[in-house]
Structures are given as C-alpha cells and as structure tokens.
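> below are the sequence and a predicted model; questions follow.
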Amino acid sequence: MPHESMQRCIEACNDCATSCDHCASACLSEKDVGMLARCIALDIDCAEACRTAAAFMSRGSELAAEVCDLCARVCDACAEECEKHEMDHCRECARACRACAEECRRMAGSRAGGRRQPGAAVSPH
C-alpha cells in the first residue's frame, strides 16, 4: 500500500488522466477539430504520463520522483493549451492538470532526497 503522502498524488494523477481522456474525446466532437489538434495530442500524452506516474508510486519505485517530475511538466503543457480554449471540458482538464502538477512537484521534491546515486547498491525493502 502506498504511503499516505503518495496517495494524494496518485489520486490527483488518476483524476487528471480521467479529465484528459474526457477532454480529448470531447474535443473530437467539436466543430473545428483541427484547431484542437494540439489539445487532443497533449491530452493523450498527459493521461499516459499521469497513469505512469501513478503506477510508479503505487509500486514504490525508486524512480517515482523522476517520473513525477516529468508528469508535472506534461501536466503544465496540457493545462497551458487547454486554458486557451473556452469549452468547459478544456477548463476542467486544465484545472485537473494544474492540481496534478502541484501534487507531482510536491512528490518529486519530497522524494528527491531519497534518490540513490547512479551505480549505488539498491537496498531490499
């Protein structure tokens, strides 16, 4: 079971992935899909990054901090793009992305001190 501090981040990642999936699907139903191509692509990337980060944390991976750092950057890019659009699904997606990025940065920062140096032995858990 993940530590309590990771659980908030895992939930934020899962919420964000769901919002991104919904946003991408809703964008495909909009009249000018071509205008939303970057939004859809970032929604897909962000959902995948969020699912990956949640999985790394759930497993207690020693690389979870690095994955969370990347996830935060992907969430920022997705939020920035979604904020350019007026549709409710884009606004909700941007909100979920911002919340997830904040949690992932917190997680990456709190776990950064626990990272092992390259080449160092891994201790069994």
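Arrived safely. Residues are numbered from 1 along each chain as shown.

> wait, I40 sits on E30?
No. The pair I40 / E30 is not scored as a contact, 9.7 Å apart, by Cβ atoms under 8 Å. Yep, even glycine has a C-beta here, placed from its N, CA and C like the rest.

> please identify which of those two sits among more neighbours.
A direct count of neighbours by other Cβ atoms under 10 Å for I40 and E30 places I40 higher, at 19 against 16.

> ramachandran coordinates for that one?
phi -60, psi -50 (degrees, to the nearest 10).

> could you pull up the residues touching it?
When contacts are counted by Cβ atoms under 8 Å, 6 or more residues apart in numbering, I40 is found next to A24, C27, L28, V33.

> are any of those buried, and if so which?
Among the contacts of I40, those buried by neighbour count (16 or more other Cβ atoms under 10 Å) are A24, C27.

> return the closest of the contacts of I40 with respect to G60.
Using Cβ to Cβ, A24 is the member of the contacts of I40 that lies nearest G60, at 29.9 Å.

> got the buried residues for the host helix or strand of the closest one?
Element membership for A24 (DSSP states H and E) is helix 4-28. Under the neighbour-count criterion of 16+ other Cβ under 10 Å, helix 4-28 has 6, 9-10, 12-17, 19-24, 26-27 buried.

> same question for stretch 80-96.
For stretch 80-96, by 16+ other Cβ under 10 Å, it's E81, C82, H85, M87, H89, C90, C93, A94, R95, A96.
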